[in-house]
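coordinates only, sequence not included:
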Ligand SMILES: NC(=O)C1=CN([C@@H]2O[C@H](COP(=O)(O)OP(=O)(O)OC[C@H]3O[C@@H](n4cnc5c(N)ncnc54)[C@H](OP(=O)(O)O)[C@@H]3O)[C@@H](O)[C@H]2O)C=CC1
Ligand SMILES: N[C@@H](CC=O)C(=O)O
Ligand code: NA
């Protein structure tokens, strides 16, 4: 300070103290009063997404110039001796992930390791240490979002998750920003690349489920445990996140109804084709009853009319159709999984954080942080009103169709079409498509039908969009 006037020294002391306080509250201020010297990343995970992200960052020429200010500082893995598709100094690689989130030099923690624990604890620890977080982990966010975002708001840091839904498709930021002036009433999408890839190949090539799943795993689309993809759980995580953003409240994951694609057979795919539909695993969040803000949030294989915009989304591609007022319909389309596509989303989040760090703003940006406090009301699936497709295997008795019609009629289920085209061995196959019906009523009719002497089995039940 040399011989500065004592009052000035005192003011500088107060400013420093103030800025220290702000620094602990808002890590966006970590660089206040200092020249911006670049941003150090601590990356947790170097698998499909981590590797794609490192490749993108190491090849920054021709991309946004801010990327050149990003340093890959530490990378955490499980098996340090595994051969990697990227070159990094050995000193940057560690198996001690806690050391990364506790390292004061790290500005942004990029969590691309997946799983629930230790991912959750590491994210929370990074936040506690005043670090911004980028994550691709929809499983952790959909379960621990409240805890993670509350902690982030308290610490004044951001948790960014563009890669968590729709892979490379920008959909999180548009919902948080560009579309947030709309009253959203429907979010409906194909949000799992693995199952869309499987269904597409079963449909176009008549391939077997297990062969195509192996290909999806080899291509890096599937989760470490592909059950999450195949059983619809990954899509449920994603629609919970999208619904939360679209409808302005938290979603309890247990309220999301979820069915996967295991029961979708080639026979159903062929019937769908004959009836003018394709089968897609849809994730749907929409007002069931706008008057009392009741939402329907669900994932299930669905008969989608061939003319619907989601019917032509094939392979690993995802698409999310958002409907709101006043905008009407907007559809986001692009690659939903894979190294490069997902790295694009992760890196765009990193870029946003670099920009936030550079802007030196003392005030957290409300368009980057999470503002939810309350939970949305989600209605039970029995209350859903939808059309159904059902396939029955029946004994070849006269009058079976009439008996089916009577049971449906007893429960107020009206039929749009009834088709009897084929046989499975000695059993006749009858396919029914209903008009809109309350799911609970439809299920009661099925219970009655199951008890008919002429019915061998109900081979499949799928909802129709
Ligand atoms: N794959 C995709 O297309 C997409 C994935 N995501 C999400 O991104 C995340 C990562 O997925 P992905 O890259 O496919 O996963 P991978 O299984 O390919 O990679 C996981 C990485 O994390 C490391 N890792 C995992 N657990 C630990 C641990 N306990 N300690 C140290 N290191 C650990 C692994 O280390 P090691 O290499 O040594 O085994 C590996 O490098 C997940 O949350 C996933 O849901 C999101 C969108 C698309
Ligand atoms: N396993 C997921 C990866 C992206 O989230 C998928 O198949 O969509
Ligand atoms: Na995305």
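All right, it came through fine. Note that this is a predicted model, so its numbers are computed, not measured. Ligands and ions are numbered 1, 2, ... in the order given.

all contacts plus neighbour counts: C-alpha atoms, from now on.
Will do.

Could I get the average pLDDT for stretch 99-109?
What stretch 99-109 shows for mean pLDDT is 98.

ugh, wrong one, stretch 177-188
pLDDT averaged over stretch 177-188 gives 96.

Quick one: residues in contact with it.
When contacts are defined by C-alpha atoms under 8 Å, 6 or more residues apart in numbering, stretch 177-188 is touched by residues 174, 242-243, 246-247, 282-287, 320-327, 367.

near ligand 3 too, which of those residues?
Among the contacts of stretch 177-188, not one lies near ligand 3 by C-alpha under 5 Å from the ion.

so of those residues, which ones are in strands?
282, 283, 284, 285, 286, 287, 320, 321, 322, 323, 324, 325 (DSSP state E).

Please determine how far whichever residue of the stretch 201-350 of the chain sits closest to ligand 2 is located from ligand 1.
Proximity of the stretch 201-350 of the chain to ligand 2 (C-alpha to the nearest ligand atom) peaks at residue 222, 3.9 Å away. According to C-alpha to the nearest ligand atom, to the nearest Å, residue 222 and ligand 1 sit 6 Å apart.

which residues touch that residue?
Contacts of residue 222 by C-alpha under 8 Å, 6+ apart are 193, 194, 216, 229.

10 Å instead, please
192-195, 213-216, 228-230, 234, 337-338 (C-alpha atoms under 10 Å, 6 or more residues apart in numbering).

in the chain, which spans are helices?
Taking DSSP state H as the test, the helices found in the chain are 6-25, 48-57, 97-102, 119-128, 138-155, 172-176, 193-205, 209-218, 227-230, 233-247, 266-275, 339-359, 400-410, 439-450.

so of those, which one's packed in deepest?
Highest mean neighbour count among those (mean count of other C-alpha atoms under 10 Å): helix 233-247, with a mean of 27.

For that one, what is the distance to the chain centroid?
Its chain's C-alpha centre lies 6 Å from the corresponding centre of helix 233-247 when counted by C-alpha atoms, centre = their mean, to the nearest Å.

Repeat that for stretch 119-133.
Worked out by C-alpha atoms, centre = their mean, stretch 119-133 lies 21 Å from the chain centre.

from here on, count from 40
OK, 40 is where the count begins now, so the last one is stretch 158-172.

low-confidence ranges in the stretch 40-189 of the chain?
40-75 (pLDDT under 70).

Could you show which parts of it are in contact with ligand 1?
84-89, 115-119, 134, 151-153, 175-176 (C-alpha under 6 Å from any ligand atom).

my guess is residue 499 contacts residue 301, does it?
No. Counting by C-alpha atoms under 10 Å, residue 499 stays clear of residue 301, with 11.3 Å between them.

more neighbours, the two?
Neighbour count, other C-alpha atoms under 10 Å: between residue 499 and residue 301, residue 499 has more, with 16 against 13.

so which of the contacts of residue 261 are also by ligand 2?
Answer for the contacts of residue 261 near ligand 2 (C-alpha under 6 Å from any ligand atom): 231, 232, 233, 268, 376.

and the gap between the first one and residue 262?
Noted for residue 231: a distance of 10 Å to residue 262, by C-alpha to C-alpha, to the nearest Å.

Which of these two has more residues huddled nearby?
residue 231 (31 against 17).

Distance of the more buried one relative to residue 253?
On the measure of C-alpha to C-alpha, residue 231 and residue 253 end up 16 Å apart.

And for residue 351?
From residue 351 to residue 253 the distance is 23 Å (C-alpha to C-alpha).

if I read this right, residue 209 contacts residue 382, doesn't it?
No. In this structure residue 209 lies outside contact range of residue 382 using C-alpha under 10 Å: 11.9 Å.

got any residues that touch both of these two?
Joint contacts of residue 209 and residue 382 (C-alpha under 10 Å, 6+ apart) are residue 202.

coming back round to it: any of the contacts of stretch 216-227 buried? List them.
Applying 16 or more other C-alpha atoms under 10 Å to these, the neighbour count classes 281-282, 285-286, 321-326, 359-363 as buried.

Closest one to residue 431 out of those, please.
For the buried ones among the contacts of stretch 216-227, the residue nearest residue 431 by C-alpha to C-alpha is residue 321; the value is 23.4 Å.

coming back round to it: which residues do residue 231 and residue 262 both contact?
268, 269, 273, 376.

list the contacts for residue 174?
82-83, 148-153, 158, 162, 180, 198-203, 384-385, 388-389.

Show me what the closest residue to it other than its chain neighbours is bridged to.
Once flanking residues are discounted, residue 174 sits nearest to residue 150: 4.7 Å by C-alpha to C-alpha, 6 or more residues apart in numbering. Taking DSSP bridges as the rule, residue 150 bridges to residue 83, residue 174.

Count the neighbours of residue 150 for me.
Neighbour number of residue 150 under other C-alpha under 10 Å is 25.

dump the residue contacts of it.
Here residue 150 is in contact with 81-85, 88-89, 115, 158-159, 161-162, 172-176, 200, 385 (C-alpha under 10 Å, 6+ apart).

Now with 8 Å, please.
82, 83, 84, 158, 162, 172, 173, 174, 175, 176.

try residue 167
Per C-alpha under 8 Å, 6+ apart, neighbours of residue 167: 190, 191, 194.

could you redo the last one with a cut-off of 7 Å?
Contact analysis of residue 167 by C-alpha atoms under 7 Å, 6 or more residues apart in numbering lists residue 194.

ditto for residue 431
468, 469, 470, 496, 497, 498.

of all the residues you listed, which two lie farthest apart?
Applying C-alpha to C-alpha across the contacts of residue 431, the maximum distance is between 470 and 496, 12.3 Å.

who has more neighbours, the two?
With neighbours defined as other C-alpha under 10 Å, residue 470 and residue 496 compare such that residue 470 has more, 21 against 17.

Spit out the contact partners of the closest residue in space to the more buried one that isn't next to it in sequence.
Closest residue to residue 470 apart from its sequence neighbours, by C-alpha to C-alpha, 6+ apart: residue 430 at 4.5 Å. Residues near residue 430 by C-alpha under 7 Å, 6+ apart: 468, 469, 470, 471, 497, 498, 499, 500.

what bridges to the nearest residue in space to the fifth one that is not next to it in sequence?
Closest residue in space to residue 497, ignoring its immediate chain neighbours: residue 431 at 4.5 Å, by C-alpha to C-alpha, 6+ apart. Using DSSP bridges, the bridge partners assigned to residue 431 are residue 469, residue 497.
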